[in-house]
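Novice: missing the sequence, but the structure's below:
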């Protein structure tokens, strides 16, 4: 049996995983990151927008501070977040951004004097103070009171990831790529590491560690229409759920992005709307101001996505072979702005659509984008249920996002949470030794080998894993998308339960040797269907509308009954998750109030 | 006018003793706005579940899907079939170790590269969490970003005559990476330190100037301009090192 040991094992080498590993390595601990792809290909690289931190350097960010950022974050979460965590996040974000600058991120900087910006499609002038010249600049994003999104043109995720990976190399973090975790090693009380399959050779290895971190990002690929990279299939969450004791938090909280391009669902950045892009219908009429007179296109993502869907339901979408869509118009921003400030957007339109956004409209539709839910952790990043297991980034439900999150808060979370959780893991490592039980390691390895053998030998059946995946996509797109209601969710849950049965009967058509992609799919499809069930069943039970979770049959936000977080665990052999609930937050720095946008009735706590 | 596309794809699974390198042919009806991402996934899901290839972001941002497309290295996610003839030949990138079929191991190569060029900011300063950030001119930040846009797809290396001939050649990607740090005032390395890394035949003087790297770069990074600048800088550094001390001036 191949065994590799380290102090910290991060499952995932995106921004959160690497930031934690760096913290450990800087403190003298050995750290390994496992990644399905080379670290620099992590989905973190795709984030174009930016990272929120209340630096207050720019003219439009003047007067900003962590308190304002905190208020925006809590409102954005629709009071579903843990306020203690939101406070930690907002206070630490400026430090994390400055640290990234110190390590080499070429943040855009303040240029003094009169500058032209765009808001709501119209240019306006702001005067940047000479004394702030050269400090980190910030731009506008949806749902915030101040401009506080730090950025590098529109390659923020890419630049920050490369910088962090450089730092990881410098401090000696070991990154092992093309390897996939397929199960955790644990005894029901303590996590001791993970079993991983090499995606070059198919070989299994047991990675043992005192602290194991799940940082595998989102699970958007349970949806067919998703902006997520193809690797965002929830692998880490599946491993956690399979333990039977680690709960996933708020899985029903799924955010849709308003502007995925049609048909490939590649994201064009919110920066388009931040800079003044407008949404048009089939008559090329700008409809958002009719629904949201104040914020228009800059309302929060779920509001914009919902309004777009609403508008298309009225028959005002643009018909196309791929279904209805709307138009995003950025032509008025001008060639210079589009080719430089929005270059990635320009490239996406040219390369994937054959559309020139300087002269043509961009076809867009709302698309699954971000998962607020994930491995439930406490404020230190420690997972519930197993000692020695941690989680950070999109894979975690830490939980500063609640039922929605602000643009720019998620990318910032990766490095801020990585910094905070990394420090807590260092504390944990200093305080305790872990006993590795060889029987647990042997059992975990044997169980995974048996799964692989069964799939190759078709011991449980011959269902095609890709066909099962497509059935799952159909079910969840239909029943647990932007608008939800009891009837469709019930159908969705029943369909997914039937699909789970099929997933348990998957068998390979090929021999499964080496980096066999059919085996890779077969190993995860059952877990993906379980994640889909956590989403749909959680959404069915949550009889209210909060943040991105919108029930047509329960349009009001119900603070009396649902100021809670859903915890989903999966008992072995069960056909549904077990749902429990905990209070959304222990402390209220900000009492529940109006979100300030999106309308809707609120049932108060004391009603 | 719907076309039927023929895909000729290199096949070999090094982990399977029964496998030997060969070409397989698949046919697909072309659909509107089809890209190689759509086509290859269709082939794998509907025709041959063993077909190995890499996609990650599928949006031209991560560089995972580089392969040789009708003889030219490029990103498969970027490639629209409507811009291609009916016959499409796909091969894995050369230089990098083959994982199987169209999938290669770029991770190991690039990790080796950034260890060689020590791809991180070298400084004696210590980060102070209580202090404001150090200032930087925005134009300079944007210049650094221009070079930082590389996605490590490997196309430039696969297209490079020198890289194909000598394993130790750093390639345009590494030289571009170093140029990024030379530009960055946060990096305190001396000219000599840079010279020690790239002032050799493995580095800047191994480049034959064939320009293929820039031709195939999917991010249109001005690689030749960077190579030219670096060559002049390193040549100057070399001259300085052999001049007697009394003749040395600040160049």
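Specialist: Everything's here; your move. The structure displayed is predicted, hence computed values, not measured ones.

Novice: nearest residue to the residue of the stretch 51-200 of chain B found nearest chain A in space, please, no chain neighbours.
Specialist: Distance from chain A to each residue of the stretch 51-200 of chain B (C-beta to the nearest C-beta) is smallest for residue B:135, at 2.9 Å. (C-beta placed from N, C-alpha, C; glycine too.) On the basis of C-beta to C-beta, 6 or more residues apart in numbering or on different chains, the spatially nearest residue to residue B:135 that is not a chain neighbour turns out to be residue A:134, at 2.9 Å.

Novice: the one you found falls within a helix, correct?
Specialist: No. Secondary structure of residue A:134, determined by DSSP: H, G, I helix; E, B strand; the rest coil: coil, with no helix assignment.

Novice: from what I can see the residue of the stretch 51-200 of chain B closest to chain A touches residue A:111, true?
Specialist: No. Under the criterion of C-beta atoms under 8 Å, residue B:135 lies out of contact with residue A:111, with a separation of 11.7 Å.

Novice: if we can go back for a sec, so what's the residue nearest to residue B:135 up against?
Specialist: Taking C-beta atoms under 8 Å, 6 or more residues apart in numbering or on different chains as the definition of contact, the neighbours of residue A:134 are A:109-110, B:135-138.

Novice: how near is it to residue A:65?
Specialist: In this structure, residue A:134 lies at 21 Å from residue A:65, with C-beta to C-beta, to the nearest Å as the measure.

Novice: most neighbours, which of the contacts of residue A:134?
Specialist: Neighbour counts for these were taken using other C-beta atoms under 10 Å in any protein chain shown; the highest belongs to residue A:110, which has 25 neighbours.

Novice: from what I see, it and residue A:57 are in contact.
Specialist: Yes. Under the criterion of C-beta under 8 Å, residue A:110 makes contact with residue A:57 at 5.5 Å.

Novice: who touches both of those two?
Specialist: Looking at what touches both residue A:110 and residue A:57 (by C-beta under 8 Å, 6+ apart), the common residues are A:132, A:135-137.

Novice: how about those residues in JSON lines, adding distance to residue A:1?
Specialist: Compiled in JSON lines, the shared contacts of residue A:110 and residue A:57 are given as follows (distance: C-beta to C-beta, whole Å):
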{"residue": "A:132", "distance to residue A:1": "58"}
{"residue": "A:135", "distance to residue A:1": "54"}
{"residue": "A:136", "distance to residue A:1": "49"}
{"residue": "A:137", "distance to residue A:1": "53"}
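
Novice: from the residues you listed, which are also near chain B?
Specialist: Counting by C-beta under 8 Å from any C-beta of the partner chain, A:135-137 from the shared contacts of residue A:110 and residue A:57 sit close to chain B.

Novice: from the middle of its chain, how far away would the longest helix along chain A be?
Specialist: Ranked by residue count under DSSP state H, the longest helix found in chain A is helix A:517-541. For helix A:517-541, the gap between its own C-alpha mean and the chain's C-alpha mean amounts to 16 Å (C-alpha atoms, centre = their mean, to the nearest Å).

Novice: then stretch A:229-245?
Specialist: In terms of C-alpha atoms, centre = their mean, the gap separating the centre of stretch A:229-245 from the centre of its chain is 13 Å.

Novice: now that stretch: buried residues?
Specialist: By 16 or more other C-beta atoms under 10 Å in any protein chain shown, the buried positions in stretch A:229-245 come out as A:229-245.

Novice: try stretch A:104-111
Specialist: Using 16+ other C-beta under 10 Å as the burial criterion, the residues of stretch A:104-111 that qualify are A:104-111.

Novice: ok, now stretch A:200-216?
Specialist: For stretch A:200-216, burial by neighbour count (16+ other C-beta under 10 Å) applies to A:200-202, A:204-216.

Novice: please apply the same query to stretch B:140-153.
Specialist: Counting neighbours by 16+ other C-beta under 10 Å, one finds that the buried residues in stretch B:140-153 are B:141, B:144-153.

Novice: repeat that for stretch B:4-12.
Specialist: Using 16+ other C-beta under 10 Å as the test for burial, stretch B:4-12 gives B:5, B:7, B:9-11.

Novice: that one and chain A, any residue contact?
Specialist: No. When contact is scored as C-beta under 8 Å from any C-beta, no part of stretch B:4-12 falls within range of chain A; the minimum is 10.2 Å.

Novice: I'd like the average pLDDT over that stretch.
Specialist: When pLDDT is averaged along stretch B:4-12, the result is 98.

Novice: which outside residues touch that stretch?
Specialist: Here stretch B:4-12 has contacts from B:19-30, B:39, B:43, B:51, B:81, B:84, B:86-92, B:98, B:100-102, using C-beta under 8 Å, 6+ apart.

Novice: so which of those residues are also by chain A?
Specialist: Counting by C-beta under 8 Å from any C-beta, B:51, B:100 from those sit close to chain A.

Novice: including secondary structure, could the buried residues of stretch A:104-111 go into CSV?
Specialist: CSV is the format used below for the buried residues of stretch A:104-111 (three-state DSSP):
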residue, secondary structure
A:104, coil
A:105, coil
A:106, coil
A:107, coil
A:108, coil
A:109, strand
A:110, coil
A:111, coil
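
Novice: farthest-separated two in the buried residues of stretch B:140-153?
Specialist: Across those, the longest distance by C-beta to C-beta is 24.1 Å; it joins B:141 and B:153.

Novice: name the residues of the stretch 501-607 of chain A found near chain B, please.
Specialist: Taking C-beta under 8 Å from any C-beta as the criterion, the neighbours of chain B within the stretch 501-607 of chain A are A:508-511, A:513-518, A:521.
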